[in-house]
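*Asks:* Quick one: sequence and predicted model below, then my questions.
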Amino acid sequence: MNIIEERYQIAIDRIREIKTEELVDAQYRTYFKTISEFILKLDMVYREIKFGKLKDYTIEQLNSLNHELYQDIYQENYDKSFANPAYAEGNLGEEYGQILCYLYKSIRDLIGNIYRQDLEIVTLRIELFIEVYNHFEDKEELQYENIREILYSFEKDNTEIFMEQKVDEAVNPKRRFAIDIVMNSDLSDVRYLYQYGSHIGNNEIRMAEYLNSLEQEKIELLAHVYTEGYRRGFENAGKDLSIKETVDIRYNIGFERIVRAAIADFKTMGLKPVIYPGGYNTTMPNKQYWFDHKFDEALYLDKAFVKRKLEVARQAYEERKEIAGKMAGPAVIEIFGENPFEPENKKEALAFTEEQQKLSVNFRTEYVRIVQEYIKGEERSFTIIAFPIPEFGDKFEEMFDATVKINTLDADKYGKVQQKIIDALDKAEHVRVVGKGNNKTYMNVELHHLNNPEKETNFENCLADVNIPLGEVFTSPLLKGTNGVLHVSEVYLGELKYKDLEIQFEDGMIKEYTCKNFDKEEENKKYIKENVMFNHDSLPIGEFAIGTNTTAYVIANKYDVVYKLPILIVEKMGPHFAVGDTCYSFEEDVKVYNPDGKEIIARDNEVSALRKTDSKNAYYGCHTDITIPYDELGEIVAVTAEGEEITIIKDGRFVLSGCEILNDPFEKNEKMSYK
């Protein structure tokens, strides 16, 4: 038995005592007993895995165990869970409710560590729980600041351990926990889903069953669309894939058959898979739980903590610079079809102070810079593809097949039509985008000047490589001269819904913003600042694009699921603006060319150009796309320096000569390809 195992056993023995003791005030007794019981449940799981017993569980036993581990955060139980900040504060008091809620959440997060048999992290967290409990035993000496200091010291002192693990998991192909599940399990037996330790619900089970019903040939086709997009991303950008050795694979649990086939494809490219714990996900059992704990770092985030965390992050990457340098970039399978989520803002949930918001922004920006230093942007690429999940509804299988068709549209045909749009836009000094009906959008987008239009272009002709499906032309506009209002009646960004999202821009920077999610304007602004602006005071426009995938739009409306689609598809279904960094962040000096051979020169704006003189203010570490749907679109007009107007879209339809074919899906409803 090594030292960690000894410490773990001592901690578990103490937890057994705590479960039966009645030494703390009655107000806190249920809380500590509840967590003790949960830790003992984790210990049972740890031993079942360690001694090979869990693999013999029936599907009913596995489902029951999974339910027991996650039941207190299910929506129907959440109102009476200590993981709920409102319930915790209501029962544990205003002074300790938040801090004890955070502590419980940190213990709940150990489920994955237990399944990975990661005993060090588990032991550290259990010892922290015991230390806090000991202070509550001493009623006369109990003070809030002492408890907060314990948590602060714990997080800061152990940052090196946590960050070392995080970085190693992100780049080291020898970490094979998830890879072994994908490659060595009998995927026809859905019991394999429970090996991760993640919450397994109806989506994951039905998705695996559905993929098991498909012929291997179709599975390989789906995988190849995904992996071929990845390969083309390198080829089209003129990047050398042969110098890379690993690929960062991300997916939702249930997609293992596709992932296994993809790993075989990547092997032919000379790439080994890396799948870190955050790389495999499941649909959340309760998104409110996630929302309530988004800013738990508020308990301990300060300047010294950020400084320490960045120091150990750099150290962790420096120690792994060789394997980090071999990472080719992420290959992501996204999902869509989940029911809409409108969060409740709880006053009991932890929230950042203004100073902490700035610190969080600083950490995010500097951490991205460190990652870019060791996994060089000019050498890496990525790809993203999305598929529906069973929560989509009764027509899930129909939508899955429709999505396959969307993802495999003819790139050559789209490329030619999109080139006509680019040719028109390249004549323009600026582009005017106007909404219609109740949409208040009125934007003037300033474009870069082309010194040599025969060899230069502003817009990238985006086909099915890094962003699947195909269907957009995009640019990084100039900020000065880009002004106006962007408005969308309803949009989903990330996991969250926004009603009447309205953003005002002045010289390309966000000046004002609001929405109508909440009754109080203060809450609406806070909601946007935290979740769209990632706590920045302002953000620039990093991208302007025109989506051309009218096929996707028609299908989305046919099934009434525009609100369920991921931005990956939605951004192809109308014009969109991205706030944050440009699409070329950290790679502005790498020359990029369209299929016609023209160099895309619009890779910078006035903010990203600061990388040469003021690098700390050149990047924001975020990029959020906001799309105006065709039916809210009045016009998109390219305006030349001489004042000539070239209309691209009018009343939601393409009117530029040579692009009429893009309207076919509107007129024929289910047309799936050009003729």
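*Replies:* Cool, the structure landed.
*Asks:* Who does the longest strand along the chain pair with, and is each partner parallel or antiparallel?
*Replies:* Longest strand in the chain by number of residues, with DSSP state E as the criterion: strand 478-493. According to DSSP bridges, strand 478-493 forms sheet pairs with strand 442-446 (antiparallel), strand 496-506 (antiparallel).
*Asks:* can you tell which of the ones you listed is closest to Leu124?
*Replies:* The closest of those to Leu124 is strand 496-506. By C-beta to C-beta, the value is 32.3 Å. Backbone N, C-alpha and C define where each C-beta goes, glycine included.
*Asks:* what sits up against the closest one?
*Replies:* With contacts defined as C-beta atoms under 8 Å, 6 or more residues apart in numbering, strand 496-506 is touched by 291, 340-343, 440, 443, 482-492, 510-517, 527-528, 531-532, 541, 563, 579, 626.
*Asks:* what's across from Tyr513 in the sheet?
*Replies:* Judged by DSSP bridges, the bridge partners of Tyr513 are Ile503.
*Asks:* follow-up on the earlier one: which of the contacts of strand 496-506 are buried?
*Replies:* 291, 341, 343, 440, 443, 482-492, 510, 513, 515, 517, 527-528, 531-532, 541, 579, 626 (16 or more other C-beta atoms under 10 Å).
*Asks:* give me phi/psi at Gln458?
*Replies:* Let me fix one detail, which is that residue 458 is Asn and not Gln. Main-chain dihedrals, Asn458, degrees, to the nearest 10: phi -90, psi -30.
*Asks:* Repeat that for Leu409.
*Replies:* According to degrees, to the nearest 10, the main-chain angles of Leu409 amount to phi -60, psi 160.
*Asks:* Relative to Leu142, how far out is the closest residue to Ile130 other than its chain neighbours?
*Replies:* In space, not counting the residues next to it along the chain, Ile130 is nearest to Arg14; the distance is 5.4 Å by C-beta to C-beta, 6 or more residues apart in numbering. Distance, Arg14 to Leu142, using C-beta to C-beta, to the nearest Å: 19 Å.
*Asks:* low-scoring stretches of the stretch 451-600 of the chain, by residue?
*Replies:* 464-470, 560-573 (pLDDT under 70).
*Asks:* Run a quick neighbour tally on the residue nearest to Asn77 when sequence neighbours are not counted.
*Replies:* Distance criterion C-beta to C-beta, 6+ apart; nearest residue to Asn77, sequence neighbours excluded, is Gln71 at 5.9 Å. The criterion is other C-beta atoms under 10 Å. On that basis, Gln71 has 12 neighbouring residues.
*Asks:* Was I right to think Gln71 contacts Tyr78?
*Replies:* No - with contact defined as C-beta atoms under 8 Å, Gln71 does not count as touching Tyr78 (10.0 Å).
*Asks:* how near is the residue with the largest distance to the centre of the chain to Asn594?
*Replies:* Note on the chain: the largest C-alpha distance from the chain mean falls to Glu140, namely 45.6 Å (C-alpha atoms, centre = their mean). The span separating Glu140 from Asn594 equals 73 Å under the rule C-beta to C-beta.
*Asks:* Next: Asp614.
*Replies:* Note on Asp614: its distance to Asn594, by C-beta to C-beta, is 31 Å.
*Asks:* These two: who's more crowded?
*Replies:* When neighbours are counted by other C-beta under 10 Å, Asn594 comes out ahead of the other of Asp614 and Asn594, with 20 against 10.
*Asks:* wait, what's in contact with that one?
*Replies:* By C-beta under 8 Å, 6+ apart, the contact list for Asn594 reads Gln419, Ile422, Thr457, Glu460, Asn461, Ile600.
*Asks:* hmm, back to that, need the winner for burial among the strands paired with strand 478-493.
*Replies:* Scoring the strands paired with strand 478-493 by mean neighbour count under mean count of other C-beta atoms under 10 Å gives strand 442-446 as the most buried, with a mean of 21.
*Asks:* Mind listing residues that contact the helix or strand following that one?
*Replies:* As assigned by DSSP states H and E, the chain's next helix or strand after strand 442-446 is strand 456-457. Residues from elsewhere that reach strand 456-457, judged by C-beta under 8 Å, 6+ apart: Ile422, Asp426, Leu450, Asn594, Asp596, Lys598, Glu599, Ile600, Ile601.
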